[in-house]
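K.L.:
Sequence isn't available, so here's the structure alone:
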C-alpha cells in the first residue's frame, strides 16, 4: 500500500541537512499543536502534499484556499551568523490515520526524508498520564522524555539534557518511524511530553517546543501563548468538573423527568 501514497512537490526548495517534524495527530494533539505553532511562528512555506486514494475525501478551506489533508511546509536555513539554526520541514495533518495506513505513511515519510538527504526526523508525542483533576494549581510540572533510533540520536538527546524514555509503548506513526529508523540506521527521535489524553494539551506541546528550540533552533521561541491557552482550557475543564460534581443524582423517590 506504500506505493499508493505519493508526495507531490508544490515548490522546489533545497532541504538537504534539514530536520523533519512529524505532525500527525497524537495523544493530547501534542504533535498537531507543535506543528501548527512552528509553521505559523517561523512563517514556513508550503512545499508539498502527501496524497492517496485512501485519504479522507475532504478539502480544508482556509483564507479561501483549498488545502490537502496532509501538507508539507519548510523554511530556509537561517541563523545569527554565530550559531547555526536548523532548517525545518514539517508534515502536518488533521486526520488520524487508520491502522492500515500507519505503516505506509511512516515508510513514505522516511523514504522521502532520505531521498531529500535530510539529516534526522523528530516526532512530538504525548505520553498518557493521570493528572489530579481537582488540583487548584495551574503550574503543572510536565515531564519530557526522549527515545532515539540510533546511538548517535540517543547521544544527541542526552547531550541536550533530555531524560531517556526507557520502558513503555509508542504507537502510531511515531512508533513506526522509530522502528524504521532503527532498521535503516537513520536518526529518528520521539520527544514525549506528559499529556492529558482527553483534550488538546497545549502545556505539553509547549514543553516539546521548548526542547526543539534548545535542541535545534536556539532562538528563544515564545511559548507563553501556549501556556496561557493551557491555563484557559484547564480552567474550563475544572469548572465543568465542579459543576458535574454539584449535580446530585436523582433518588429513587424523585419524580421522573418524563412520564
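P.N.:
Sure, I can see it. Bear in mind the structure is a predicted one, so any value in this text is a computation, not a measurement.
K.L.:
only C-alpha atoms for contact and neighbour calcs from this point on.
P.N.:
Fine.
K.L.:
Next, work out how far apart the residue nearest in space to the middle of the chain and residue 21 are.
P.N.:
Nearest residue to the geometric centre of the chain (CA atoms, centre = their mean): residue 31, 1.0 Å. Going from residue 31 to residue 21 by CA to CA, to the nearest Å gives 9 Å.
K.L.:
Spell out which residues are contacts of both of those two.
P.N.:
123, 124 (CA atoms under 8 Å, 6 or more residues apart in numbering).
K.L.:
Look up how far residue 129 lies from residue 190.
P.N.:
17 Å.
K.L.:
next one: residue 188
P.N.:
For residue 188 relative to residue 129 (CA to CA), the value is 24 Å.
K.L.:
what about the helices in the stretch 101-250 of the chain?
P.N.:
151-159, 172-184, 202-212, 224-246 (DSSP state H, counting those that start in this stretch).
K.L.:
Format those helices as CSV; extra columns: mean neighbour count.
P.N.:
Below are the helices of the stretch 101-250 of the chain laid out as CSV (neighbours: other CA atoms under 10 Å):
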stretch, mean neighbour count
helix 151-159, 16
helix 172-184, 20
helix 202-212, 26
helix 224-246, 14
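K.L.:
of all those helices, which lies closest to residue 10?
P.N.:
helix 172-184 (23.7 Å; CA to CA).
K.L.:
relative to helix 151-159, how tilted is the closest one?
P.N.:
Computed by axes from the mean of the first three to the mean of the last three CA atoms, to 10 degrees, the angle separating helix 172-184 from helix 151-159 equals 120 degrees.
K.L.:
And for helix 172-184, what's in contact with it?
P.N.:
22, 24, 26, 99, 102-103, 105-107, 110, 123-125, 148-150, 169, 187-190.
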